[in-house]
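Q: Quick one: sequence plus predicted model below, questions after.
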Amino acid sequence: MSALMSVIGGRAGAIAGPQVLPRFMRGPARFAGRLFRGDVTFPRLSATIASAFLFAATGAYGAYIGGQWPAVVQAVTSRTGFAIDNVHIVGNRQTSEIDVLGALGLDGWTSQIGFSAEAAREKVLALPWVEAASVHKIYPGTVEIAIKEKTPYAIWQHGSELTLIQKDGGVIAPFSGGKFASLPLVVGIGAATGAAGIVAKIDRFPNLAGRVKGYVRVGGRRWDITFDNGVTVKLPETDEDQAIADLARLDQEHSLLSRDILAVDMRLENRLFVQLTPEAAEARAAAVKERAKQAKKSGRDV
């Protein structure tokens, strides 16, 4: 057996004895010796099991490298007792449970282990009515989703489309009638973002607010107010608040909006023009003509 020469203190020393392995390596070394000598007998089917393990490890590594590992985890864990079998949704009124489940892609075999609560929350937030949401996993097999929905403020008509909007003008969803039909109607480009302002100004005068049918944004600069009897009031671009206050006073004192008129034009400062209905205009023309006739008979000027 060969011997090892050691160097101690920078010079050659005496011939060393046989090298001894550390204690933790002695067992594996003895097994390796027996394996090489052919003294080890493997259990039946061990080669098959080893091959299967090798193929499984190779497949898992390939799935990891190819980005398919989450799908593998999902498939394995969902079929070993970790599938999501209960989804509890609270706070939804306009958002159906089917919409939520469809957004999350839950199919009865979705694994709770591979399920990302944050990714699910982002998908729920993308639904039209959802303003805020939280998603929590509750083991075993339950996902709890809490939703806060948007509050519709008005109906916005742009072109031929009707859309529910929030107070800040944010679009919610198409309007299809139902319980939101009583919301204010705002019409035109820019009407959505300006709706809250004009509605609040009119609401200060109950004798006007209860009769408004719609608010029409004209040229992005001013408003026309349409009332339930068909009368249109054209507000000015500037000093809108004063014009609305004057309109409320005239209606209260003289029932202006209840008269047989089509429109009230308040666009010019300190001037008010009233457009009569065709019938009222015809009746007025006839009355003027009759007064002129009577004046002529009496020899007086009209």
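A: The structure has been received and is ready for your questions. Numbering: from 1, shown residues only.
Q: Please enumerate the helices of the stretch 151-300 of the chain.
A: With helices called from DSSP state H, counting those that start in this stretch, the stretch 151-300 of the chain shows them at 191-203, 206-209, 240-254, 278-298.
Q: and the shortest one, what does it pack onto?
A: Looking back up the chat, that one is helix 206-209. Here helix 206-209 touches helix 191-203, helix 240-254, going by 3 or more C-beta pairs under 8 Å, 6 or more residues apart in numbering; DSSP states H and E. Backbone N, C-alpha and C define where each C-beta goes, glycine included.
Q: same check, this time on the third one
A: Secondary-structure packing of helix 240-254 (3+ C-beta pairs under 8 Å, 6+ apart): helix 191-203, helix 206-209.
Q: could these go into JSON lines alongside mean pLDDT?
A: Output for the helices and strands packed on helix 240-254, formatted as JSON lines (pLDDT from 0 to 100):
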{"stretch": "helix 191-203", "mean pLDDT": "96"}
{"stretch": "helix 206-209", "mean pLDDT": "95"}
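Q: Dump those helices into a markdown table; add mean neighbour count and distance to P22 as well.
A: Output for those, formatted as a markdown table (neighbours: other C-beta atoms under 10 Å; distance: least, C-beta to C-beta, whole Å):
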| stretch | mean neighbour count | distance to P22 |
| --- | --- | --- |
| helix 191-203 | 18 | 78 |
| helix 206-209 | 15 | 92 |
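Q: ok, residues contacting stretch 236-254?
A: Contacts with stretch 236-254, where a contact means C-beta atoms under 8 Å, 6 or more residues apart in numbering, come from 198, 201-202, 204-205, 207-208, 221-223, 233, 235, 256-258, 264, 266-269, 272.
Q: how about a cut-off of 6 Å?
A: Stretch 236-254 is contacted from outside by 201, 205, 207-208, 221-222, 235, 256-257, 266-267, using C-beta atoms under 6 Å, 6 or more residues apart in numbering.
Q: Which two among these are spaced furthest apart?
A: N207 and R221 (26.3 Å; C-beta to C-beta).
Q: Is I155 bridged to anything, and to what?
A: Applying DSSP bridges to I155 yields these beta-bridge partners: L164, L185.
Q: and the gap between it and N86?
A: 38 Å (C-beta to C-beta, to the nearest Å).
Q: Name the residue in these two with the higher neighbour count.
A: I155 (21 against 10; other C-beta atoms under 10 Å).
Q: ok, the more buried one - contacts?
A: Here I155 is in contact with 162, 175, 183, 185 (C-beta under 6 Å, 6+ apart).
Q: ok, now with 10 Å
A: 162-165, 175, 180-187, 192, 195, 214 (C-beta atoms under 10 Å, 6 or more residues apart in numbering).
Q: which outside residues touch stretch 88-103?
A: With C-beta under 10 Å, 6+ apart as the criterion, stretch 88-103 contacts 87, 106-107, 120, 122-130, 132-136, 138, 142-150, 152, 164, 172-173, 178, 180.
Q: Can you measure across stretch 141-160, start residue to end residue?
A: Stretch 141-160 has an end-to-end distance of 46 Å (criterion: C-alpha to C-alpha, to the nearest Å).
Q: quick check: domain ranges of the chain?
A: 46-73, 81-149, 154-281 (automatic domain parsing).
Q: which residues of this protein score low on pLDDT?
A: By pLDDT under 70, the low-scoring segments of the chain are 1-21, 23-29, 31-82, 108, 280-302.
Q: Strands of that one, start to end?
A: In the chain, the strands defined using DSSP state E lie at 5-8, 11-15, 86-90, 130-138, 142-149, 154-158, 161-165, 171-174, 185-187, 212-218, 222-227, 232-234, 261-265, 273-276.
Q: highest average neighbour count across these?
A: strand 185-187 (a mean of 23; mean count of other C-beta atoms under 10 Å).
Q: by contact count, what packs against that one?
A: strand 154-158, strand 161-165, helix 191-203, strand 212-218, strand 222-227 (3 or more C-beta pairs under 10 Å, 6 or more residues apart in numbering; DSSP states H and E).
Q: Which strands and helices lie in contact with the third one?
A: So the one you mean is helix 191-203. Partner elements for helix 191-203 (3+ C-beta pairs under 10 Å, 6+ apart): strand 154-158, strand 161-165, strand 185-187, helix 206-209, strand 212-218, strand 222-227, helix 240-254.
Q: With distance to I113 as added columns, please give those in CSV.
A: Below are those laid out as CSV (distance: least, C-beta to C-beta, whole Å):
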stretch, distance to I113
strand 154-158, 44
strand 161-165, 39
strand 185-187, 49
helix 206-209, 56
strand 212-218, 53
strand 222-227, 57
helix 240-254, 60
